[in-house]
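# let me see the structure of the following:
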Amino acid sequence: FFFTNRYKLHNFWILKEEKKNTNTHYETMNGTAHGTFNIALMTSGGLAPCLSSSVASLITYWKNALADGKISGLSIRCYRDGYKGILIGDSFLVEDDISVEEVERLHELGGSPIGNSRVKLTNIKDCLKRGFIKDGETPLEVSAQQLLKDKINVIHTIGGDDTNTQAAELSKYILEKHGGKIVVIGMPKTIDNDVYPIRQTFGADTAASEGAKYFQNVVSESTANPRMLIIHECMGRDSGYLTAATAQKYREVVSTQKFCTPFPTSNSSRNVHGVWIPELKLDIEAEGARLKKIMDEYGCCNVFLSEGSGVHEIVAEMEAAGQEVPRDAFGHVALAKINPGAYFSKRLAALVGAEKTLVQKSGYYARAAPSNKFDRELIAKCAKEGVESAIVGVSGCMGQDEDKEGMPIRAIEFPRIKGGKPFDITQDWFVQMLNDIGQPIL
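Sure, this is the predicted structure:
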């Protein structure tokens, strides 16, 4: 680890100074630490309702560790705009005298208090194009030099699987190329809830609740025109979790609403009529026939669509037509540009005989919210364990480990972290929801 000062030997610690570099390595003897920890925080990737709370919780538990005598010194540096901040050296130090009460104000904020960006450290061409590195440089080496310069020994990466696995690669690079050790503690942020082997990623539950709240207003548009088709497009590239959870939470809300019997607007007309997610095979002709009956009866139809549904078919059509498929720095298809909602709305509108079609996307609204109670509690538990893990020098991505008995919260080894975990469509609540709305599981 990197220390700014030398410390005398204590009964609790053995300090070993290596001549080949300025690193100081240590071993704990009974759980009491006597060393200065230079902590770095960064958030990266798309927004999720957890970033501000994660920053607040990590700062709180590090300050608690200092107050409890587990460490003897502390500095906290925040890199602005994720990996961009590391690459260009843009950061600021959190004031030593900031109180926990002040930090806790971050819990009430959506977004990131330090800024995000989408940067892949192995994408040299993209980093060069955006001016983050110069000709002849590599993002990994530039990042390593910045962390060494700032004497960072623990970095908390708050992001999805790409963010956290990149940090692990950076830590490995620094160890192999520069003989330095940086503990990486990942905080799993994604509203898709699609990271192996983590039970629940930060922000997913909040995003589902916010998406349901969003549709509570949008559904009233079903009364604005006869034979109205509303498609509620939710985020979710490969996983249907968010769409399914949003539909379920919305149904819970509708079930508590009271309606006036003589009037046509009702629980049935305002309910969810279809849930289309990547994990379910979509026979749009059959679904069109089923949903047309609902349209004929209620004069409206409400479908919850995952933005990742049908992407492979849309991409195949674009490539067959010789069109360029837009992608981001990570090689992911730019879903906002190919617009699955518009694609499906045209086909379904014709099948159900819609007079008017409305496609509404709740993604940006839902992901920009502050964390709800569920997510705050999950984040706090992971931050607490993450700080403890960092103090004893163990890297990993924090979360409930599904592969361990009892699913304990622990620093999960980075080689086991990967995205693309599909939503489990066999869960009782999901099967029941589809049965209730009359949608077959294909």
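
# can you pull up the most central residue in this protein?
For the chain, residue 190 is the residue whose C-alpha lies nearest the centre (Cα atoms, centre = their mean; 1.6 Å).

# how about that residue: what's its closest non-neighbour residue?
Leaving aside its sequence neighbours, residue 190 sits nearest to residue 160 (Cβ to Cβ, 6 or more residues apart in numbering; 4.3 Å). C-beta: built from backbone N, CA, C; applies to glycine.

# so what's the residue count around the one you found?
Using other Cβ atoms under 10 Å, residue 160 has 25 neighbouring residues.

# same check, this time on residue 396
For residue 396, the neighbour count with other Cβ under 10 Å is 23.

# again, but for residue 310
Other residues near residue 310 number 20, with proximity taken as other Cβ under 10 Å.

# same check on residue 410?
For residue 410, the tally of surrounding residues (other Cβ under 10 Å) stands at 18.

# ok, it touching residue 398?
Yes - using Cβ atoms under 8 Å, residue 410 is in contact with residue 398, at 7.5 Å.

# quick one on the thing from earlier: can you pull the contacts of the residue nearest to residue 190?
Contact partners of residue 160, counting by Cβ atoms under 8 Å, 6 or more residues apart in numbering, are 44, 45, 46, 188, 189, 190, 192, 195, 201, 419.

# what do you get for residue 183?
Contact partners of residue 183, counting by Cβ under 8 Å, 6+ apart, are 1, 153, 154, 155, 171, 389, 390, 393, 394, 395.

# just the ones of the residues you listed in helices?
Secondary structure from DSSP state H places 171, 389, 390 of the contacts of residue 183 in helices.

# now, which of those residues sits nearest residue 69?
Nearest to residue 69 among those: residue 390, at 16.2 Å, using Cβ to Cβ.

# which parts of this structure are strands?
In the chain, the strands defined using DSSP state E lie at 13-17, 24-28, 36-43, 73-79, 91-93, 154-159, 183-188, 228-234, 274-276, 300-306, 356-361, 396-400, 409-412.

# make TSV from these and add mean pLDDT to it.
Shown next, in TSV, are the strands of the chain (pLDDT from 0 to 100):
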stretch	mean pLDDT
strand 13-17	30
strand 24-28	40
strand 36-43	97
strand 73-79	97
strand 91-93	98
strand 154-159	96
strand 183-188	96
strand 228-234	97
strand 274-276	97
strand 300-306	97
strand 356-361	96
strand 396-400	97
strand 409-412	97
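
# and the ones you listed as JSON lines, adding distance to residue 332?
As requested, these are exported to JSON lines (distance: least, Cβ to Cβ, whole Å):
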{"stretch": "strand 13-17", "distance to residue 332": "44"}
{"stretch": "strand 24-28", "distance to residue 332": "39"}
{"stretch": "strand 36-43", "distance to residue 332": "19"}
{"stretch": "strand 73-79", "distance to residue 332": "23"}
{"stretch": "strand 91-93", "distance to residue 332": "27"}
{"stretch": "strand 154-159", "distance to residue 332": "14"}
{"stretch": "strand 183-188", "distance to residue 332": "18"}
{"stretch": "strand 228-234", "distance to residue 332": "17"}
{"stretch": "strand 274-276", "distance to residue 332": "20"}
{"stretch": "strand 300-306", "distance to residue 332": "15"}
{"stretch": "strand 356-361", "distance to residue 332": "17"}
{"stretch": "strand 396-400", "distance to residue 332": "20"}
{"stretch": "strand 409-412", "distance to residue 332": "23"}
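
# out of those, flag the one nearest residue 122.
Closest to residue 122 of the strands of the chain, according to Cβ to Cβ: strand 154-159, at 15.3 Å.

# given that closest one, what are its sheet partners and their directions?
Strand 154-159 has these partner strands in its sheet, going by DSSP bridges: strand 36-43 (parallel), strand 183-188 (parallel).

# in terms of contact, does residue 294 touch residue 301 like I think?
Yes - shown here, residue 294 and residue 301 form a contact pair, counting by Cβ under 8 Å, at 5.3 Å.

# and those two? Which one has more around it.
residue 301 (28 against 21).

# among the strands paired with strand 154-159, which comes closest to residue 435?
Of all those, it is strand 183-188 that lies closest to residue 435, at 31.6 Å by Cβ to Cβ.

# off-centre distance for that closest one?
On the basis of Cα atoms, centre = their mean, to the nearest Å, strand 183-188 sits 13 Å off its chain's mean C-alpha point.

# which one of the contacts of residue 183 is nearest to residue 95?
Comparing those against residue 95 with Cβ to Cβ places residue 154 closest, at 18.8 Å.
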